[in-house]
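A.B. asks: prediction below, plus the sequence it came from.
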Amino acid sequence: MKHFASIILALTLSFPTFAGVGFHWCLYFIDFNSISMKPEYEAQFDELAEYMKSHPDDMFEISGHTDERRDGHYSFKIDQKRADWIRKYLIEHYDIPGSMLISVGKGAYDPYIKDAKTEDEHAWNRRVEIKILSKENFTTPR
């Protein structure tokens, strides 16, 4: 999987699945049962934070995903922690306003590789995705 890291971690364009999705950034760096990123991927956040700061009118959804080797409750819990960890990291290390960031845990319900069998395949499913969403598609609670 390591030889794919530069491709996987690159900013990738995606076709919108609903109004407001501009692109998404896939980060594959989470070890089994871990919530924090691997140190070798820290530099990827410089480019992401620069983009976020240059687009202050956008909102960003940080979604945690896991492989299917855990039960549903645990999967959602650890994925929420992963997404929250990334949100906190962006706020504390890059001064990204928390109001721009939404963190959600998605569990194993949206695998990158369906029916993963090998450890490498499971590793692809343990990820955090950051989607850029336009603020105009959301209403803010008052």
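C.D. replies: It's in.

A.B. asks: so which bits of the helix or strand hosting residue 131 are buried?
C.D. replies: Secondary structure from DSSP states H and E places residue 131 in strand 127-134. For strand 127-134, the neighbour count (16 or more other Cβ atoms under 10 Å) marks 127, 128, 129, 130, 131, 132, 133 as buried. Glycine gets a C-beta too; all of them are placed from N, C-alpha and C.

A.B. asks: which one of the residues you listed is nearest residue 55?
C.D. replies: Checking the buried residues of strand 127-134 against residue 55 by Cβ to Cβ gives residue 132 as the nearest, at 7.1 Å.

A.B. asks: could the buried residues of strand 127-134 go into a markdown table alongside distance to residue 112 and pLDDT?
C.D. replies: Shown next, in a markdown table, are those (distance: Cβ to Cβ, whole Å; pLDDT from 0 to 100):
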| residue | distance to residue 112 | pLDDT |
| --- | --- | --- |
| 127 | 7 | 83 |
| 128 | 12 | 85 |
| 129 | 9 | 87 |
| 130 | 15 | 89 |
| 131 | 14 | 87 |
| 132 | 19 | 82 |
| 133 | 20 | 81 |
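
A.B. asks: just give me the neighbour total for the residue nearest to residue 98 when sequence neighbours are not counted.
C.D. replies: Distances taken as Cβ to Cβ, 6 or more residues apart in numbering place residue 91 nearest to residue 98, at 5.3 Å, with adjacent residues excluded. Neighbour count for residue 91, taken as other Cβ atoms under 10 Å: 14.
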